[in-house]
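Q: Fold the following.
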Amino acid sequence: MKNPITPDLVYRIKTSGDPSISPNRSLLAYTLGWVDEESLTSCSKIMSFDLKQGYSRELTKGIKDSAAKFSPDGTRLAFLRSIDEGPLQVWVMSVDGSEMKQVTNFKKGVFDYVWSPTRSPFSGLC
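A: Take a look at the predicted model:
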């Protein structure tokens, strides 16, 4: 075999998941995942792909960010973040990655969430 598969291959593999398309269909938010070679832990961050221009950009620099979802008006993105191995909480940011803030602080964390179509930010948290 010319290039054998070795255990260190896992450190070079990147995965993508949790796709969310903006209401105006111009942006795709997704989770980019990888395994950190030094800490041997799985990491993830939120990325945005501009469907018209054809490029990706990093929106978060956290190491446990996932499950981004666009707000109904398309101006904000919510996502799940774990800090220091703590429970997942919902965070919200502008679609350009600015104005980031934590919006939940549940002791057991949040498993999933749904944006509300009304004035309140979320209609379902679990």
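Q: Show me what residue 16 bridges to in the sheet.
A: Beta-bridge pairing for residue 16 (DSSP bridges): residue 32.
Q: residue contacts, it?
A: 30, 31, 32, 33, 47 (CB atoms under 8 Å, 6 or more residues apart in numbering). Any C-beta I mention is one placed from the backbone N, CA and C, and that applies to glycine too.
Q: any idea of the pLDDT on it?
A: pLDDT, residue 16: 95.
Q: now residue 12
A: For residue 12, the model assigns a pLDDT of 87.
Q: So residue 10: helix, strand or coil?
A: Under DSSP: H, G, I helix; E, B strand; the rest coil, residue 10 falls in the helix class.
Q: Residue 67: which of the contacts of residue 16 is nearest?
A: residue 31 (6.8 Å; CB to CB).
Q: Quick one: neighbours of the closest one, just the number.
A: Using other CB atoms under 10 Å, residue 31 is surrounded by 21 other residues.
Q: list the contacts for it?
A: 16, 17, 18, 44, 45, 46, 47, 65, 66, 67, 68.
Q: what about it, distance to residue 24?
A: Between residue 31 and residue 24 the computed distance is 21 Å (CB to CB, to the nearest Å).
Q: Right, I'll leave it there.
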